[in-house]
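Peer 1: Let me see the structure of the following:
(chains A and B)
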Amino acid sequence: MKATKARDAVVAGAQGLALTLLALIGSVTVFVLAVVSIALITVGVGVFTTPHALALVRAHTGRRRLLAARWSGVRIPANHRPFPRDLRSGITGQVERCALMLKDPATWRDMRWLLADMTGGAIVAILPPAMILDGIFGFVLLAGVWQPIVEADGTYWYSFVPVDSRGTAGQAALLGVAWLILAFHVNPYLVRTHFRLAGTLLTPNREEELEQRIGRLTETRHDALDSSAAELRRIERDLHDGAQARLVAMGMNLGTVEALIETDPAKAKELISKARESSAEALTELRDLVRGIHPPVLAERGLGDAVKALALRLPVAAEVGVDLAGRAEAPVESAAYFAVSESLTNAVKHSGADRVWVDIAHTDGSLRIAVTDNGKGGAAVGAGSGLRGIERRLGTFDGVLAVSSPAGGPTMVTMEIPCVLF
Amino acid sequence: MRVVLAEDLFLLRDGLVRLLEAFGFEILAAVETGPELTKALAELEPDVAVVDVRLPPSHTDEGLQCALAARRARPGLPVLVLSQHVEQLYARELLADGNGGVGYLLKDRVFDAEQFVDAVRRVAAGGTAMDPQVISQLLSRRSKDTPMAGLTPRELEVMELVAQGRSNAAIATQLVVTERAVAKHTSNIFGKLDLPVSDDDNRRVLAVLAYLDHGRTAGD
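Peer 2: Model prediction:
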């Protein structure tokens, strides 16, 4: 227990040292670069250098976000505005990119934080290593180092203890012990405080947050409308070309039967059997269509059993774990079902996996689903993949998608949709 | 033979009543909701129940649930479930108690009246009647490390028909072979699937169960 605490204090000391260096060297450098670059916009050159300088700033803040999560469990969300997909290339594109970056409030939050980081942030970060080193130095003084120092310039002030004799050197060592004890207790907190400070400055305020949320809602509403319109078109086309056409053919056949039944019973019988085939095919098509709109098992049993039924139809072995205490609202269930369905289809089609695992649970007010396969990996969101479609589907419900798919596999697709169960 | 029928769509219910009556069945009750079905099954003691999966008032799988509950109360109660769609999940649940006397068919199967009536009779007699669609789904996802993989193509063909619930005689007619040949195939299949020697009908149900389980997935 004590040993781990001591180790934590030492680790925090090392982390503090690293953070101090990052703040004093990294932050200062990128801040100066960014400011100079922005200043150069007036003479034109800045337009081309600023995006790069700001990208450097973003990389720097991004690193700090990562360290915050990894070292202290402090989550600082990144919230830069994404670039529009139709950004032009060449010089106009560069100018646009520069303007977009400068208009993004996140850029100015980054800059504000850089200033704070190289001052307050650095001071907080240097305390943990300073306390440890100073504590150790107390003992070094006691070990005899005080003598040459005192001989050289009279009195050496160790913190607030004037060291000029063996006695005062002892006091210095005692103070060193105090420093070490203090470091022992507060070092991890100091590191966390450093990150909290960064979090406060980097997180958007309420107004900006609302503005972002409105932007996101507008986007997801557009996505939802687009995809439901496309879905309706697909259904209309399927009905028109499929079931409807077959029913027309059936009606025609039956009409011919009516005319032939007395003159050519054999031919009439043949047509009747054709009509029956058509009706069976129309039913099959309608059934497939219904499955594509809202799978019957989903309506009857809910998400868990619908995914189990889905797994039973897969050509690869699938294990499904379900931990749900109720049912989510129908649109959420449906989105989750089709997201799982698409992930499974991807896994079967592209990953070369021979096993898949699906885990569905509801925790902390969110529906969490993980689809894992033992395939060759290499899947990515965006690269024209179905994953982007899943993301949009989930986005409508404020859901998120994360894909981990290193080359060589395995691929793990995780989804989270905030919702309540009934 | 005395039948209880549950179907919420009037046209289909009416059609089923006519069809079954035309083939000499006695309709004890033709109901349209889950609670009515439960009551009829408990009170009328039919020889076989023909049940739609989706019934009011919940419009979910209420018919299936009522039928399963009735079979728990009266083990072996013959139940033929009809549905607009067929799912292995539901087929497993029906077969799970291994008692036989169950069937699960697509509603369109009533188009072929004789086959449909044959299925009702098989179920009433304690056999099984599984929709070819369920069986073909299973066939299409045969994997290498299951006992099923040891079956020859001909045995698989026979297995498919056994799984649907056909008798040896019916299988022989369909495949145009002698009944003796079919019997030989089935005993080979039971051997390969490692099914214990017991009365033949029950083994057929077990074979279907083994068939349904060979994927061994969708863990509960």
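
Peer 1: Within range of chain B, give me the residues from the stretch 301-422 of chain A.
Peer 2: Remark: the part of the stretch 301-422 of chain A in contact with chain B comprises A:301, A:305, A:308-309, A:311-321, using CB under 8 Å from any CB of the partner chain. In this view, the C-beta of every residue, glycine as well, is placed from N, C-alpha and C.

Peer 1: Name the nearest of these relative to A:E416.
Peer 2: Comparing those against A:E416 with CB to CB places A:G321 closest, at 16.3 Å.

Peer 1: Let me see the contact set for the closest one.
Peer 2: A:G321 makes contacts with A:357-361, B:219, as judged by CB atoms under 8 Å, 6 or more residues apart in numbering or on different chains.

Peer 1: could you redo the last one with a cut-off of 6 Å?
Peer 2: A:D359 (CB atoms under 6 Å, 6 or more residues apart in numbering or on different chains).

Peer 1: Buried subset of the residues of the stretch 301-422 of chain A next to chain B as a PyMOL selection?
Peer 2: Selection of the buried residues among these in PyMOL, burial being defined by 16 or more other CB atoms under 10 Å in any protein chain shown:
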select buried, chain A and resi 301+305+308+309+311+312+313+314+316+317+318+319+320+321
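
Peer 1: Just the residues of the stretch 301-422 of chain A next to chain B: which are in strands?
Peer 2: Among those, the residues falling in strands (DSSP state E) are A:317-321.

Peer 1: Arrange those residues in JSON lines, one row each, with pLDDT as further columns.
Peer 2: Formatted as JSON lines, these follow (pLDDT from 0 to 100):
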{"residue": "A:A317", "pLDDT": "85"}
{"residue": "A:A318", "pLDDT": "88"}
{"residue": "A:E319", "pLDDT": "91"}
{"residue": "A:V320", "pLDDT": "93"}
{"residue": "A:G321", "pLDDT": "93"}
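
Peer 1: Could you give the number of residues near A:E219?
Peer 2: 14 (other CB atoms under 10 Å in any protein chain shown).

Peer 1: for A:V163, same thing?
Peer 2: 25.

Peer 1: Go ahead and confirm it touches A:A173.
Peer 2: No. At 9.9 Å, A:V163 and A:A173 do not qualify as touching, with contact defined as CB atoms under 6 Å.

Peer 1: which of the residues in stretch A:374-392 are buried?
Peer 2: Taking 16+ other CB under 10 Å as the criterion, stretch A:374-392 shows A:374-377, A:379, A:385-387, A:390-392 as buried.

Peer 1: Now pLDDT and distance to A:R192 too, for those, in CSV please.
Peer 2: Below are those laid out as CSV (pLDDT from 0 to 100; distance: CB to CB, whole Å):
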residue, pLDDT, distance to A:R192
A:N374, 89, 38
A:G375, 85, 39
A:K376, 86, 40
A:G377, 82, 35
A:A379, 80, 35
A:S385, 65, 38
A:G386, 75, 40
A:L387, 82, 35
A:I390, 87, 36
A:E391, 86, 33
A:R392, 84, 37
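
Peer 1: Quickly name whichever of the residues you listed is closest to chain B.
Peer 2: Checking the buried residues of stretch A:374-392 against chain B by CB to the nearest CB gives A:N374 as the nearest, at 14.2 Å.

Peer 1: In contact with A:A12, which residues?
Peer 2: Counted by CB under 6 Å, 6+ apart, A:A12 has contacts A:128, A:187-188, A:191.

Peer 1: of all these, which comes closest to B:M130?
Peer 2: Distances from B:M130 to these, taken by CB to CB, are shortest for A:P188, at 63.3 Å.

Peer 1: Once you drop chain neighbours, what's closest to that closest one?
Peer 2: A:A12 (4.6 Å; CB to CB, 6 or more residues apart in numbering or on different chains).

Peer 1: confidence score at the one you found?
Peer 2: At A:A12, the pLDDT value in this model is 86.

Peer 1: That one belongs to a helix, doesn't it?
Peer 2: Yes. Under DSSP: H, G, I helix; E, B strand; the rest coil, A:A12 sits within a helix.

Peer 1: Next, work out how far apart A:G326 and A:V348 are.
Peer 2: Here the criterion is CB to CB, to the nearest Å. By it, A:G326 lies 30 Å from A:V348.

Peer 1: neighbour count winner among the two?
Peer 2: Neighbour totals were compared for A:G326 and A:V348, and A:V348 leads with 18 against 9 (other CB under 10 Å).

Peer 1: mind listing what that one touches?
Peer 2: Neighbours of A:V348 in contact, by CB under 6 Å, 6+ apart: A:V316.

Peer 1: The same query, at a cut-off of 8 Å, please.
Peer 2: Counted by CB under 8 Å, 6+ apart, A:V348 has contacts A:314-316, A:356.

Peer 1: Make TSV out of those residues and add pLDDT.
Peer 2: Shown next, in TSV, are the contacts of A:V348 (pLDDT from 0 to 100):
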residue	pLDDT
A:L314	85
A:P315	83
A:V316	85
A:V356	92
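
Peer 1: Widest-spaced pair of those?
Peer 2: A:P315 and A:V356 (10.6 Å).

Peer 1: returning to that earlier point: for the contacts of A:V348, which one is nearest chain B?
Peer 2: The nearest one, if we look at the contacts of A:V348 relative to chain B and count by CB to the nearest CB, is A:P315, at 4.9 Å.

Peer 1: Now that closest one. Its backbone dihedrals?
Peer 2: When read as degrees, to the nearest 10, the backbone of A:P315 gives phi -80, psi 0.

Peer 1: residue boundaries of the strands in chain A?
Peer 2: Going by DSSP E, chain A shows strands at A:156-158, A:161-163, A:317-323, A:355-363, A:366-373, A:400-404, A:411-418.

Peer 1: Tell me which of those sits most buried.
Peer 2: Most buried of these, by mean neighbour count (mean count of other CB atoms under 10 Å in any protein chain shown): strand A:366-373, with a mean of 22.

Peer 1: which bits of chain A sit near chain B?
Peer 2: So chain A meets chain B at A:276, A:279-280, A:283, A:287, A:290-291, A:296-297, A:299-301, A:305, A:308-309, A:311-321 (CB under 8 Å from any CB).

Peer 1: among the strands of chain A, which is nearest A:A78?
Peer 2: The closest of these to A:A78 is strand A:400-404. By CB to CB, the value is 13.3 Å.

Peer 1: outside of the closest one, which residues touch it?
Peer 2: Contacts of strand A:400-404 (CB under 8 Å, 6+ apart): A:339, A:379-381, A:387, A:390-391, A:394, A:411-416.

Peer 1: In CSV, list the C-alpha atoms belonging to the host helix or strand of B:T186.
Peer 2: If you go by DSSP states H and E, B:T186 is part of helix B:179-192. In CSV, the C-alpha atoms belonging to helix B:179-192 read as follows (Å, rounded to 0.1, in the frame of the first residue of the first chain):
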residue,chain,number,x,y,z
GLU,B,179,-38.3,-47.3,-48.1
ARG,B,180,-35.6,-49.7,-47.2
ALA,B,181,-32.9,-47.4,-48.6
VAL,B,182,-34.3,-44.5,-46.7
ALA,B,183,-34.3,-46.5,-43.5
LYS,B,184,-30.7,-47.4,-44.1
HIS,B,185,-29.8,-43.7,-44.6
THR,B,186,-31.6,-42.6,-41.5
SER,B,187,-30.0,-45.2,-39.3
ASN,B,188,-26.6,-44.1,-40.7
ILE,B,189,-27.5,-40.5,-39.9
PHE,B,190,-28.5,-41.3,-36.4
GLY,B,191,-25.3,-43.2,-36.0
LYS,B,192,-23.2,-40.4,-37.3
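
Peer 1: could you give the mean pLDDT of that helix?
Peer 2: 85.

Peer 1: just stretch A:134-154 next, same as before
Peer 2: 77.

Peer 1: Distance of the residue of chain A most remote from its centre relative to A:S72?
Peer 2: Relative to the centre of chain A, the most outlying C-alpha is that of A:T263, 72.7 Å out, by CA atoms, centre = their mean. Separation of A:T263 from A:S72 (CB to CB): 91 Å.
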